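Undergrad: Provided below for reference: sequence and predicted model.
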Amino acid sequence: MDSRLKWLFVRLVLAVVVVGWGVSYLFPSRSAEKEFQKTLDAMKQVRSAHVVSVADPYSTQHIESSWDLVCAQDAYRYKMHVVQSGPENRGELENEELHVGAAVYQHRSDDSWRPQINYGMSPTTVCRTLAQGAETGILPDIATMIKRGILDKGDKKVVDGVRCREWKVTMRGGPTGLEHDTVCLGLDDYLPYEMTVDWTHSRTTYSDYNSSTQLDLPSAALQPASANSGSN
């Protein structure tokens, strides 16, 4: 092969490499979508989880909340603590709810539980919806990220002792046009362990997946639940 043919061959190889690199750069979401699909499939197997979130949606508002879901008990516990520091709206609000089956109880200051109307999803619905891969409001909405997200691979990191890879997610068609979030997916199990949302300045962590830990269901809450179910 003479020198001109050699140079032509080299240039063709370089062109193929450059085109391949350009395609992978412009359309990185296909491999990313496969990774997120693995996460969606893994989340369908989740039967329990502990979720903690901290958010500062406004400069005068701080919110801390947590979820403890245990499908085996058909129950979840939700806690919320809101601090308002505005000049005209200052104070704190705390709320703790226990959802057991179709019943809901609110924790009172005297450590008792009072039945209340259920305005949210029942544990049965949450667990069924989660198993179907649909949005529950407790774990990240991975299905929507796959459909509407621009997914960019980030660095590996450790969240609460679990190795995960951070992904940058830009949502198309959000309320403000674009929304920049991050989600860290476990390297071994593909489950989400951390998520941040820019417009609410929030960070949420996820742990205790499919653990043997159960909720401490107060007898004062369970007895009215049995009485109510028997009266229907």
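TA: It's in. Residues are numbered from 1 along each chain as shown.
Undergrad: drop to CA atoms for contacts and neighbour counts, all remaining ones
TA: Noted.
Undergrad: Nearest residue to the middle of the protein?
TA: Centroid check for the chain by CA atoms, centre = their mean gives Pro140 as the closest residue, at 2.5 Å.
Undergrad: pretty sure it is in contact with Glu194, am I right?
TA: No. Contact between Pro140 and Glu194 fails when scored by CA atoms under 8 Å: they sit 9.2 Å apart.
Undergrad: Which strands border the longest strand that the chain contains, and is each parallel or antiparallel?
TA: Ranked by residue count under DSSP state E, the longest strand found in the chain is strand 162-174. Strand 162-174 has these partner strands in its sheet, going by DSSP bridges: strand 149-159 (antiparallel), strand 177-186 (antiparallel).
Undergrad: What residues sit buried inside it?
TA: Across strand 162-174, burial judged by 16 or more other CA atoms under 10 Å covers Arg163, Cys164, Arg165, Glu166, Trp167, Lys168, Val169, Thr170, Met171, Arg172.
Undergrad: how about those in TSV, adding distance to Asn89 and pLDDT?
TA: As requested, the buried residues of strand 162-174 are exported to TSV (distance: CA to CA, whole Å; pLDDT from 0 to 100):
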residue	distance to Asn89	pLDDT
Arg163	41	98
Cys164	40	98
Arg165	40	98
Glu166	37	98
Trp167	37	97
Lys168	35	96
Val169	34	94
Thr170	33	91
Met171	33	84
Arg172	34	80
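Undergrad: now for those, which pair is the farthest apart?
TA: Pairwise distances across the buried residues of strand 162-174 (CA to CA) peak at 28.3 Å, for the pair Arg163 and Arg172.
Undergrad: Contacts for stretch 70-82 next, please.
TA: Residues from elsewhere that reach stretch 70-82, judged by CA atoms under 8 Å, 6 or more residues apart in numbering: 47-49, 61-69, 92-101, 123-124, 127, 214-215.
Undergrad: Sort out for me which of the residues you listed are in strands.
TA: Counting by DSSP E, those contribute 48-49, 61-69, 92-100 to strands.
Undergrad: Can you go through those residues and name the buried ones?
TA: By 16+ other CA under 10 Å, the ones in strands among the contacts of stretch 70-82 give 48-49, 61-69, 96-100 as buried.
Undergrad: and which of those residues is nearest Ser85?
TA: For these, the nearest to Ser85 is Gln61 (6.3 Å; CA to CA).
Undergrad: which intervals of this protein have sub-threshold pLDDT?
TA: 1-29, 174-179, 220-232 (pLDDT under 70).
Undergrad: in it, which spans are helices?
TA: Here the chain has its helices, by DSSP state H, at 3-26, 29-43, 123-131, 142-148, 219-231.
Undergrad: Which positions within the fourth one qualify as buried?
TA: Of the residues in helix 142-148, those scored as buried under the neighbour-count criterion (16+ other CA under 10 Å) are Ile142, Ala143, Met145, Ile146.
Undergrad: Any chance of TSV for those residues, columns distance to Tyr105?
TA: Shown next, in TSV, are the buried residues of helix 142-148 (distance: CA to CA, whole Å):
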residue	distance to Tyr105
Ile142	30
Ala143	31
Met145	33
Ile146	36
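Undergrad: wait, which of those residues is closest to Cys184?
TA: The closest of the buried residues of helix 142-148, once distances to Cys184 are taken by CA to CA, is Ile142, at 11.6 Å.
Undergrad: what sits against the closest residue to the closest one other than its chain neighbours?
TA: Spatial nearest neighbour of Ile142, excluding adjacent residues (CA to CA, 6 or more residues apart in numbering): Leu40 at 6.1 Å. Shown in contact with Leu40 (CA under 8 Å, 6+ apart): Gly133, Ile142, Ala143.
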